[in-house]
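Undergrad: What shape does this take:
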Amino acid sequence: MKIPFLLLPCMLAFFCPNFKNSERIELRKVDFGITSIFTVHCDGFEGFFDDEMETVVISREKEIERTKEAISNLEIDTSNYQADVRAKLLFFHDDNTVDTVCMSSIGVVLNGKSYKPDSAFVKIIEEY
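TA: Numbers count the residues shown, from 1 in each chain. Okay, the predicted model is just below:
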């Protein structure tokens, strides 16, 4: 029975960004109440909201861990919702990889996978 226990950390490292050591988080956001006539996708977020966008660099370990913990508590959204993006988080890791989280108040996309947002996570992002 040792094999399943040995595989668990490997599976978690693949699916959860909080298993990596993050050096910093770059948060790019606008007011969640801003409306647009077009759906803003993750890859077009910066271009669409260039003038309104605020960028915050999170480098304190405690804040990084709080944000990653909130993400690890999100539930998978089987509807495959694609967020009308109002915030984008880039997690820069020690191994030179970057995880991307794009979100609205009603949906979260982590590296292309949809998750249901929870109010605690939205609140953390709005606080920055």
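
Undergrad: who does the spatially most central residue of the chain bridge with?
TA: In the chain, the residue lying closest to the centroid (CA atoms, centre = their mean) is residue 101, at 2.7 Å. Beta-bridge partners of residue 101, counted by DSSP bridges, are residue 89, residue 110.

Undergrad: mind listing what it touches?
TA: 17, 71, 88-89, 91, 108-111 (CB atoms under 8 Å, 6 or more residues apart in numbering). Bear in mind the C-beta positions are built from the backbone N, C-alpha and C, glycine included.

Undergrad: Switch those residues over to a markdown table; also include pLDDT, distance to residue 31 and neighbour count.
TA: Shown next, in a markdown table, are the contacts of residue 101 (pLDDT from 0 to 100; distance: CB to CB, whole Å; neighbours: other CB atoms under 10 Å):
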| residue | pLDDT | distance to residue 31 | neighbour count |
| --- | --- | --- | --- |
| 17 | 42 | 25 | 21 |
| 71 | 90 | 21 | 21 |
| 88 | 96 | 14 | 24 |
| 89 | 95 | 16 | 24 |
| 91 | 94 | 23 | 24 |
| 108 | 91 | 17 | 27 |
| 109 | 91 | 19 | 22 |
| 110 | 90 | 22 | 20 |
| 111 | 87 | 25 | 13 |
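
Undergrad: wait, doesn't residue 121 sit right on residue 70?
TA: Yes: counting by CB atoms under 8 Å, residue 70 is a contact partner of residue 121 at 4.2 Å.

Undergrad: the strands in the chain, which residues?
TA: Using DSSP state E, the strands assigned to the chain run over residues 22-29, 54-58, 75-76, 87-93, 98-103, 108-110, 113-116.

Undergrad: And for the closest residue to residue 106 other than its chain neighbours, the neighbour number?
TA: Nearest non-adjacent residue to residue 106, counting by CB to CB, 6 or more residues apart in numbering: residue 117, 6.4 Å away. The number of residues packed near residue 117 is 20, by other CB atoms under 10 Å.
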